[in-house]
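Novice: Got a predicted structure plus its sequence, pasted below:
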Amino acid sequence: MKKGVCVLLLGLVLLSGLAGAATQVEGVRLWRAPDHTRLVFDLSDAAEHTLFTLEGPERVVIDVSNTRFKADFASLNLSETPIKNIRHSPRNGTDLRVVLDLAVKVNPDSFFLHRQAGSSDRLVVDLKDLQPKPEQGPPPVTVPEVEGSKRDIIIAIDAGHGGEDPGALGPNGLREKDVVMAISKSLVDKLNAQPGYTAKLVRTGDYYVALRERRNIARRMQADLFMSIHADAFTKPSARGASVFALSNSGATSEMARFLAQRENESDLIGGVGSVSLEDKDEVLAGVLVDLSMTATLGASLQVGDYVLKSMGQMAHLHKHQVEQAGFAVLKSPDVPSILVETGFISNPTEAKNLGSRNYRNKLADQLVSGVKQYFYQHPPAGTLLAWKKQNGGVETEYTIGRGDTLSEIAKRFNISVSRLRQHNGLDNHVIQVGQVLRIPTS
């Protein structure tokens, strides 16, 4: 074979190898949030990109180096987004150009995310509304005036994960983000049915909210309690049981607590936050977290967590019988009592089956409501309708007997005497049964 022919063949082989090495766009996903639209390109490998805008008509142009398009835009739902149409074409022989035709002008932003926790390399494009709502997420809660402006107790319910972050994955396509949203919606409905309570969702749809922003939304709601709902996974499918967590500054109370906190704190990386600092040295928390373990906020978190945990234990297996603590970033609010509820392990076949059941989720929400009500019955915030009723002897709560309960422990829990508890419920002796409902008189 002649030397020139060999060189030509070698060149063709090298060019073929280079072409084969091009990054591919393997999938495209779209989410609409309250103040922006997020477009995510799943890539086979890392790639450089540039973004610019054009006017007349409004367009956003994304050029991606050495990349080929192997996905499909047809399945994307562009309704309620500023995007009218998406086009793509090769550019300069090896690059990819994607054009977003817009109905309105936006403020675009883009960043690259390296593969993390099972997610591929991703190019994220955020189209931020030019006239967003005054506050990201749900607006501040407006509580109707009742009985002389005695306000409702406000509960912020945070359904974990969302958007491109599905959370933990269970059998048969069960996703944590779907399970916890269903539980959260049920919990909100049940709390709003209680006189003196107003509950709101932190995220109202299938989109991702950064961990810091979740607690900021709760603060803007002026919430009396922040509850983050989860259903995590562990490396062993035998791990099971519901848990309740409060914040810890000094370390986790168990290896499981440390593992779960690390997983949840990585959600910002999976969910598409461009730069993440888990140190959280922002202006709200600076100088506060150092002493948080001595504040009423953490004390209240541990107290309400105990009520919620014991209430869940009446229907669900518990992983631990005490509130655990770990450095969950989402719980670091200095002035809102905050708990994270693990409703079970989605990686456990039995618990995954339960969590996939609407009936089980509704019963679980009932127990969460019961725990919240028991706490606020004992500790109603000043100025609330519940505080006024308790002061005037007009509030009563109920307690469902669980495994291991005794009359003396229940009486101590609600700060009343055993004799008064017996008299109020017409009990002739100390015998009680699991599932029996006791009426708790005003203390």
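Specialist: Received it, and whenever you're ready, just let me know what you need. Residues are numbered from 1 along each chain as shown.

Novice: Return the distance of the residue positioned nearest the centre of the chain relative to residue 176.
Specialist: Compute the mean C-alpha point of the chain, and by C-alpha atoms, centre = their mean the closest residue is residue 160, 1.7 Å away. According to C-beta to C-beta, to the nearest Å, residue 160 and residue 176 sit 7 Å apart. Glycine gets a C-beta too; all of them are placed from N, C-alpha and C.

Novice: you'd agree the residue nearest to the centre of the chain is up against residue 271?
Specialist: No - if you go by C-beta atoms under 8 Å, residue 160 and residue 271 don't touch, sitting 10.2 Å apart.

Novice: related to what we said a few turns ago, find residues that contact each of residue 160 and residue 176.
Specialist: Common neighbours of residue 160 and residue 176, using C-beta atoms under 8 Å, 6 or more residues apart in numbering, are 167, 230.

Novice: Surely residue 27 and residue 69 touch.
Specialist: No - assessed by C-beta under 8 Å, residue 27 is found out of contact with residue 69, at 10.8 Å.

Novice: who's more crowded, these two?
Specialist: It is residue 69, of residue 27 and residue 69, that has more neighbours when counted by other C-beta atoms under 10 Å, with 18 against 15.

Novice: Tell me which residues touch the more buried one, please.
Specialist: Contact partners of residue 69, counting by C-beta under 8 Å, 6+ apart, are 24, 25, 88, 96, 98.

Novice: Next, format the residues you listed as TSV and append distance to residue 82 and secondary structure.
Specialist: TSV is the format used below for the contacts of residue 69 (distance: C-beta to C-beta, whole Å; DSSP: H, G, I helix; E, B strand; the rest coil):
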residue	distance to residue 82	secondary structure
24	27	strand
25	21	strand
88	18	strand
96	22	strand
98	15	strand
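
Novice: quick check: domain ranges of this structure?
Specialist: 21-129, 153-378, 396-440 (automatic domain parsing).

Novice: Most tightly packed of those?
Specialist: Highest mean neighbour count among those (mean count of other C-beta atoms under 10 Å): domain 153-378, with a mean of 20.

Novice: from the chain's centre, how far out does it sit?
Specialist: Using C-alpha atoms, centre = their mean, to the nearest Å, the distance from the centre of domain 153-378 to the centre of the chain it belongs to is 7 Å.

Novice: Could you do stretch 380-390 as well?
Specialist: Chain-centre distance of stretch 380-390: 29 Å, with C-alpha atoms, centre = their mean.

Novice: do stretch 25-32 as well
Specialist: Distance of stretch 25-32 from the chain centroid (C-alpha atoms, centre = their mean) equals 21 Å.

Novice: which residues make contact with that stretch from outside it?
Specialist: 37-44, 64, 67-73, 76-78, 80-81, 83, 96, 120, 163-164, 205-208.

Novice: just stretch 160-171 next, same as before
Specialist: 29, 31, 33, 38, 40, 119, 122, 175-181, 203, 205-209, 228-233, 263-264, 267, 270-272, 346-347, 349, 352, 355-356.

Novice: List the ones among those residues that fall in strands.
Specialist: Within these, residues falling in strands by DSSP state E are 29, 31, 38, 40, 122, 228, 229, 230.

Novice: So what sits opposite the second one in the bridge?
Specialist: What that stands for is residue 31. residue 38 (DSSP bridges).

Novice: Quick check: residue 314 touching residue 402?
Specialist: Yes - applying C-beta under 8 Å, one finds residue 314 in contact with residue 402, separated by 3.9 Å.

Novice: Need the overlap of contacts for those two.
Specialist: Going by C-beta under 8 Å, 6+ apart, residues that sit against residue 314 and also against residue 402 are residue 434.

Novice: hmm, which two among the contacts of residue 69 are most spread apart?
Specialist: The distance between the two most remote of the contacts of residue 69 (C-beta to C-beta) is 13.5 Å, for 24 and 98.

Novice: List the backbone torsions phi and psi for residue 62.
Specialist: Backbone torsions of residue 62, given as degrees, to the nearest 10, read phi -120, psi 120.

Novice: Could you find the closest non-adjacent residue to it?
Specialist: Spatially, and ignoring its direct neighbours in sequence, residue 62 is nearest to residue 98 (4.6 Å; C-beta to C-beta, 6 or more residues apart in numbering).

Novice: wait, what's in contact with that neighbour?
Specialist: Counting by C-beta under 8 Å, 6+ apart, residue 98 touches 41, 61, 62, 63, 64, 69, 86, 87, 88.

Novice: try residue 425
Specialist: 438, 439.

Novice: Make JSON lines from the contacts of residue 98 and add distance to residue 440 and pLDDT to it.
Specialist: Below are these laid out as JSON lines (distance: C-beta to C-beta, whole Å; pLDDT from 0 to 100):
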{"residue": "41", "distance to residue 440": "56", "pLDDT": "95"}
{"residue": "61", "distance to residue 440": "64", "pLDDT": "97"}
{"residue": "62", "distance to residue 440": "60", "pLDDT": "97"}
{"residue": "63", "distance to residue 440": "66", "pLDDT": "96"}
{"residue": "64", "distance to residue 440": "63", "pLDDT": "96"}
{"residue": "69", "distance to residue 440": "64", "pLDDT": "94"}
{"residue": "86", "distance to residue 440": "59", "pLDDT": "95"}
{"residue": "87", "distance to residue 440": "65", "pLDDT": "95"}
{"residue": "88", "distance to residue 440": "64", "pLDDT": "94"}
